[in-house]
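A.B. asks: Let me see the structure of the following:
(chains A and B)
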2 protein chains.
Amino acid sequence: MGEKSLIELIRRRVRGGSAVVAGIGDDCAVLRVPAAHDLLVTTDFTLENVHFRREWHPPEVVGWRCLTRGLSDIAAMGGKPRAAFLSLALERGVPQKWVDRFVAGLLEAADEFRVPLAGGDTAQSAGGIQADVVVVGSVPKGKAVLRSGARPGDQIYVTGELGGSAAAIARLREGKVRAADYERHFHPRARVEAGQWLRRRGLASAMIDVSDGLSTDLEHICEESGVGAVVEAGAIPRARVGHPTKEVALDLALHGGEDYELLFTSSQKIPAKVAGVPVTRIGRIARRRGMVLVLEDGRRRRLVARGWEHFKGNW
Amino acid sequence: MGEKSLIELIRRRVRGGSAVVAGIGDDCAVLRVPAAHDLLVTTDFTLENVHFRREWHPPEVVGWRCLTRGLSDIAAMGGKPRAAFLSLALERGVPQKWVDRFVAGLLEAADEFRVPLAGGDTAQSAGGIQADVVVVGSVPKGKAVLRSGARPGDQIYVTGELGGSAAAIARLREGKVRAADYERHFHPRARVEAGQWLRRRGLASAMIDVSDGLSTDLEHICEESGVGAVVEAGAIPRARVGHPTKEVALDLALHGGEDYELLFTSSQKIPAKVAGVPVTRIGRIARRRGMVLVLEDGRRRRLVARGWEHFKGNW
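C.D. replies: Alright, predicted model coming up:
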C-alpha cells in the first residue's frame, strides 16, 4: 500500500487526548504535560523476523506488543504515558488487511492505557515490516525511578511471573499454539499502574522492566547502581503456561525475555499485591559486585546474564 | 555488529544537554523543558534505498541528513530542538566503520544545533539499514506555528532556494558528483533559527518545511487552512548547482523534495533576509481552493501536487 493511504489510515484512527494539543497533520505533534513534570521518552524498534513472525503472530498481537514495549519502559520509571507515535515501514505487497489489524491491535492497547496516538511516519521498506514506536510520558519533577538507586541490603522484587513469553517462543518453534495458553506472550499488559503506585509511595529504590530477561535486566540495575545481587532460585515466580498448565523451566524464568514485568529493589516491605498484580521477593542487593544464584538445595552459583536475543533464544 | 556494541557506541557518544536529566542507560530518557512551553515531537524514518543509497551517500551524509529531517520539522513549528533519539537497525555485515561514520555525521548536526542525543534503540535488521530519528523540541505555550493558519490575502514566502536536492539525485543517477556542488542535498542545514525568528515576531500565519516538494507542501498548507494559492513561476528561487553552477529546471524547484527550506505565509512584509537566510515572496493565498501557477508570460496553469517519492522522482 502507498504511504499516502497509510498516513490517511493512521490519521483517521488518531484520537486526541488530554496531552495532545495538535496531532497528525502538522510538521510535529504538539503536546502539553503538567508543568511540574519531567518528560520521559522511549523508542523501541519492532522488526519482522527479529521481534515477530507473520506466521506466528497475528497482526493485532504485533500491534499490541509494539506499544506494550514502550508503555513498559514508562512503567519502569514510575511514569504516566501521555502520547504514542508510530513509524511504520512496509515492504510492497503487505496486505491492507494486515495493516488494518496491526493498527487495531496497537490502538486497543492505546485505548486501554488511555494513550493517544499522536503521530508518526510511514515509508516503504526494501524488505519486511519495521515499526518504531515512541512513547512520551511524564513523572513529577525529579521523581523518575532510575536503575541506579539500588543499595546494599535492599530486597529485590518482581511483579507477576517470569518465563511465560520465552516459553511461547519455544513452543511456537514446534508448531501451533493457542494464544490463550500463553497470555504473557501474546497479550502482555505493561505494569503501568504498579509502577506509578510504587513511585508515588517512594517504595522503589531502582526499577527496570523485564524485557531482556531477569538475569540481564538485574545486571543492568547492578551495573548502574554499583552493587551485586543474590537471587534465590526457589523464590522466582515461574509462569504457568500451556494446557493443562505447567510451570516453565527455571532457565526460562531466569533468562527469557519480553515478560514486561517490573523488577525493582526496595528497602521497605512491599505488599503481596500492588495495583492488582502479585509481587514476589526474589533476593537481595549485596555490596559485593557480581550476581549469585542460590539453588534450592543451598548451593551457590554465579548468575551470568545471558542477554535475550529474541528468536535466537539463549538456553 | 551486535546490538550490545552499538548501544555502547552510541552511549559513549551521547552528551547531556540542558534538557536531558538522565539519558541512555535507563528505561527512558528523562527530559526537562521550560515550564511554560508546549512540547514538539517529530519522528522520521530514513531507510536504505528509499532515502539514501550506500553507493551514493557517504555515511556521515546519511547521519547528518537523518537528524536534519527532524530538526527541520521543529523549525517549521517555530520551535527549539531539545533532544534527539536514534533507533538504528543494521543488517549483518554492515562494517563498524560505516556505523562510526554515520554516528559522527549525526552528532556533527547535533553539535551544530546544540541538540543532545538522549537515547535510542538498536536492533538487527533482516536486510539493509533503517534509522528512525525522533526530535523533541519546545515552543512557548500556544505559539507553535501550524499549517492551518493561512488566510486569503496572505503572501507566500520561502527561505533559500529550491530544487537543489532533487537535482543532486538526478545527477547521481548519471554518475559521481562532487558533494560541494550540491550542498543542499549532501549537507542541508535545517532553518531552525529562521523558524524561531519568525515565530517570536508572530510573522508567520502558517508554516511547513519543504521536504516533499513545494507543490505538495503548499498543498498541505492549503488543505489544512481551507484556502487556495497562486504561485508566480518566475518568483520561485531556483537552486544553482553543479560546476560551473547552473540554475535548476523549474520542475525541480516546483516538485523536488528534501530541500528543508521553510515555506510560510504572512500578512506582513518579511525582510529579504531572516537569520542570515534569504527569503523570497513567491505568491499569495487565495480564497478559492486549488493551486494556480502563473507562468512568466502571464498564462495560468493549474498547479498539481506531484508528491515527492524520493528516488522515484516525479518529473
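A.B. asks: Okay, A:S211 and chain B: tell me how far apart.
C.D. replies: As for A:S211, its distance to chain B is 9 Å (criterion: C-beta to the nearest C-beta, to the nearest Å). Glycine gets a C-beta too; all of them are placed from N, C-alpha and C.
A.B. asks: just checking, that residue is part of a helix?
C.D. replies: No - read with DSSP: H, G, I helix; E, B strand; the rest coil, A:S211 is coil and lies in no helix.
A.B. asks: tell me, how many neighbours does it end up with?
C.D. replies: A count of neighbours around A:S211, defined by other C-beta atoms under 10 Å in any protein chain shown, yields 23.
A.B. asks: give me every residue that touches it.
C.D. replies: With contact set as C-beta atoms under 8 Å, 6 or more residues apart in numbering or on different chains, A:S211 has these partners: A:R69, A:S72, A:D73, A:D217, A:G257, A:E258, A:D259, A:Y260, A:W308.
A.B. asks: And what about A:L107, helix, strand or coil?
C.D. replies: Per three-state DSSP, A:L107 ends up helix.
A.B. asks: was I right about it contacting A:L117?
C.D. replies: Yes - with contacts counted by C-beta atoms under 8 Å, A:L107 reaches A:L117, the gap being 6.5 Å.
A.B. asks: between these two, who's got more neighbours?
C.D. replies: A:L117 (28 against 23).
A.B. asks: Cross-check the contact I'm expecting between that one and A:R82.
C.D. replies: No - the pair A:L117 / A:R82 is not scored as a contact, 11.7 Å apart, by C-beta under 8 Å.
A.B. asks: where do the helices sit along the stretch 1-150 of chain A?
C.D. replies: Assigned helices in the stretch 1-150 of chain A, in chain order: A:3-13, A:59-76, A:96-112 (criterion: DSSP state H, counting those that start in this stretch).
A.B. asks: I would like the residues contacting the last one, please.
C.D. replies: Judged by C-beta under 8 Å, 6+ apart, the contacts made with helix A:96-112 from elsewhere in the structure are A:1, A:6, A:9-10, A:13, A:54, A:58-64, A:66-68, A:71, A:84, A:86, A:88, A:90, A:115-117, A:131, A:133, A:189.
A.B. asks: Near the nearest residue to A:V192 once chain neighbours are set aside, how many other residues are there?
C.D. replies: Spatial nearest neighbour of A:V192, chain neighbours left out: A:A75 (4.4 Å); criterion: C-beta to C-beta, 6 or more residues apart in numbering or on different chains. Using other C-beta under 10 Å, A:A75 has 33 neighbouring residues.
A.B. asks: List only buried entries from the contacts of helix A:96-112.
C.D. replies: For the contacts of helix A:96-112, a neighbour count by 16 or more other C-beta atoms under 10 Å in any protein chain shown gives the buried set as A:1, A:6, A:9-10, A:13, A:58-64, A:66-68, A:71, A:84, A:86, A:88, A:90, A:115-117, A:131, A:133, A:189.
A.B. asks: buried sites along the helix or strand that A:D251 is a member of?
C.D. replies: Using DSSP states H and E, A:D251 maps to helix A:250-255. For helix A:250-255, a neighbour-count test (16+ other C-beta under 10 Å) marks A:L250, A:L252, A:A253, A:L254, A:H255 as buried.
A.B. asks: In its sheet, which strands sit next to the following helix or strand past it, and in what direction?
C.D. replies: Counting by DSSP H and E, the next helix or strand C-terminal to helix A:250-255 is strand A:262-266. Strand pairing for strand A:262-266, determined by DSSP bridges: strand A:155-159 (antiparallel), strand A:206-209 (antiparallel).
A.B. asks: mean confidence for strand A:262-266?
C.D. replies: When pLDDT is averaged along strand A:262-266, the result is 98.
A.B. asks: what does stretch A:294-310 give?
C.D. replies: 88.
A.B. asks: Any part of it near chain B?
C.D. replies: Yes - using C-beta under 8 Å from any C-beta of the partner chain, stretch A:294-310 reaches chain B at A:G307.
A.B. asks: can you give me the offset of that stretch from its chain's centre?
C.D. replies: How far stretch A:294-310 lies from its chain's middle: 22 Å, per C-alpha atoms, centre = their mean, to the nearest Å.
A.B. asks: hmm, back to that, list just the nearest of the buried residues of helix A:250-255 to chain B.
C.D. replies: Within the buried residues of helix A:250-255, distances to chain B taken as C-beta to the nearest C-beta reach their minimum at A:H255, with 15.3 Å.
A.B. asks: Which pLDDT does the model give the closest one?
C.D. replies: Model confidence at A:H255 (pLDDT) stands at 96.
A.B. asks: same deal with A:S18?
C.D. replies: Looking at A:S18, the pLDDT reads 72.
A.B. asks: ok, now how distant is it from A:E193?
C.D. replies: Computed as C-beta to C-beta, to the nearest Å, the A:S18 to A:E193 distance reads 18 Å.
A.B. asks: what does A:G226 give?
C.D. replies: 30 Å.
A.B. asks: which one of those two has more residues nearby?
C.D. replies: Neighbours were counted for A:G226 and for A:E193 using other C-beta under 10 Å; A:E193 has more, 16 against 12.
A.B. asks: Cross-check the contact I'm expecting between that one and A:K273.
C.D. replies: No - assessed by C-beta under 8 Å, A:E193 is found out of contact with A:K273, at 11.6 Å.
A.B. asks: Please list all residues in contact with whichever residue of the stretch 101-250 of chain A sits closest to chain B.
C.D. replies: Closest approach between the stretch 101-250 of chain A and chain B, counting by C-beta to the nearest C-beta: A:D132, at 3.9 Å. A:D132 makes contact with A:T43, A:D44, A:F45, A:T46, A:L86, A:S87, B:T43, B:F45, B:S87, B:D121, B:D132, according to C-beta under 8 Å, 6+ apart.
A.B. asks: show me where the stretch 201-315 of chain A has helices.
C.D. replies: Using DSSP H, counting those that start in this stretch, helices in the stretch 201-315 of chain A cover A:214-225, A:250-255.
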